[in-house]
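[1] got a predicted structure plus its sequence, pasted below:
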Amino acid sequence: MTTVVESADSGTTALAVRAQDLGKRYRAKWALRECSFELPVGRVAALVGANGAGKTTLMSVLAGLLKPDEGSAGVSGRVAFVSQEKPVYKHFTAADMLRLGAHLNTVWDQGRAERWLERFEIPLGKACGKLSGGQQAQVAFALAIGSRPTVLMLDEPLANLDPLARREVTAELLAEVEETGMTVLLSTHVVAELGGVADYLLLLAHGRLLAGGDLDELLARHALYAGPKSDVPPALGTVVEARHRGNQSTFLVELPADQPRPAVAGQWTERPVTLEDYVLAQLAATRKGIDA
Ligand SMILES: Nc1ncnc2c1ncn2[C@@H]1O[C@H](COP(=O)(O)OP(=O)(O)OP(=O)(O)O)[C@@H](O)[C@H]1O
């Protein structure tokens, strides 16, 4: 459900979200542990991680729907959270849902919500129960956009959408960010489609934050090498992932800090690391990780 939480402005810093040693457990099992990060205002952050990594738990805590067991979280301004289920009232039409949004939210932009539905050709007068899963998701997004959030959190927003709608939703979100200055935090498994959209990454593994920060900086600190079969990469660095196929080896390496980017020679080639390369390598490396 879309929930709007009025919360205190962080005031002095231009931070949209701050998490400090955040922890949440379900009975004895920790779903989130020692999670600290700061998300600046106006960023589009991708929250990624394997199934069960803690993404929904983190978003629910940030949205104020779950109480943390450890640490603290602060979100600046108004939060809109669209959960994974993207529930809408089955007997309500999209127009009814927008009326509900207008009624429930202290700040409401009907034009913005209607434009979103028009953009995606969602019929206003049809009962939501008779819309497809992807169309219902669009109604939930329109409701969230209409509430003019300063921080928009979307749990797997692209899951039900066809490939074109995915591209268009991410483009529309970017346009909203540019126009309104809002901050977006979205969890997803389809990282390939976030290239050029997300500019900040939060990567969770087994409830812990494995990497967090500016995406360009993070990717620039890594290199992908391909060359003849070898046990070691052709340059110094921490190997995130090594793959060997036939007589070829590929290494994704975190380069040593504060050193010039090494040049590779001979049969080795280097190419820049994409968001997808990085996330897949980290997921593979942490698959056999140990729970807290
Ligand atoms: N209500 C709950 N009760 C007990 N355990 C839960 C509950 N919700 C989540 N968990 C557990 O907490 C961990 C994190 O779950 P969470 O839903 O946050 O992961 P996720 O990264 O969003 O996963 P997915 O990508 O599959 O949606 C998992 O081990 C999950 O089994």
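    Yep, it's here.
[2] burial of the nearest residue to Tyr225 once chain neighbours are set aside, as a residue count?
    Counting by C-beta to C-beta, 6 or more residues apart in numbering, the nearest residue to Tyr225 once its immediate chain neighbours are dropped is Phe251, at 4.7 Å. (C-beta placed from N, C-alpha, C; glycine too.) Neighbourhood size, Phe251 [other C-beta atoms under 10 Å]: 24.
[3] next: Glu217.
    The burial metric for Glu217, expressed as a neighbour count using other C-beta under 10 Å, is 10.
[4] cool, Leu66 as well?
    By other C-beta under 10 Å, 17 other residues sit near Leu66.
[5] so is it in a helix, a strand, or just coil?
    For Leu66, the reduced secondary structure class is coil; criterion used: DSSP: H, G, I helix; E, B strand; the rest coil.
[6] quick one: contacts for it?
    For Leu66, the contacting residues are 24, 57, 60, by C-beta atoms under 8 Å, 6 or more residues apart in numbering.
[7] what about those residues, which are in strands?
    Secondary structure defined by DSSP state E assigns Lys24 of those to strands.
[8] where does the stretch 101-250 of the chain come near the ligand, residue by residue?
    Proximity of the stretch 101-250 of the chain to the ligand, by C-beta under 6 Å from any ligand atom, involves no residues.
[9] which residues in the stretch 101-250 of the chain form helices?
    When assigned using DSSP state H, counting those that start in this stretch, the helices of the stretch 101-250 of the chain occupy the ranges 110-119, 133-146, 163-180, 215-220.
[10] out of those helices, which one sits most buried?
    The highest mean neighbour count among those belongs to helix 133-146 (a mean of 24), with neighbours defined as mean count of other C-beta atoms under 10 Å.
[11] roughly how far out does it sit from the chain middle?
    Shown here is helix 133-146, whose average C-alpha point lies 17 Å from the average C-alpha point of the whole chain (C-alpha atoms, centre = their mean, to the nearest Å).
[12] before we move on, what about stretch 105-117?
    Relative to its parent chain, stretch 105-117 has a centroid offset of 23 Å by C-alpha atoms, centre = their mean.
[13] how about residues contacting that stretch?
    Applying C-beta under 8 Å, 6+ apart, the set of residues contacting stretch 105-117 from outside is 4, 6, 78, 94, 98, 101-102, 124, 138-139, 141-143, 145-148, 172.
[14] for the most far-flung residue of the chain relative to its centre, give me phi and psi.
    With distances taken from the mean C-alpha point of the chain and given as C-alpha atoms, centre = their mean, the most distant residue is Gly266, at 38.8 Å. For Gly266, the backbone dihedrals (degrees, to the nearest 10) come out as phi 70, psi -130.
[15] what about it, distance to Ser230?
    As judged by C-beta to C-beta, to the nearest Å, Gly266 and Ser230 stand 11 Å apart.
[16] was I right about Ala137 contacting Lys86?
    Yes. Ala137 sits in contact with Lys86 when judged by C-beta atoms under 8 Å, with a separation of 4.6 Å.
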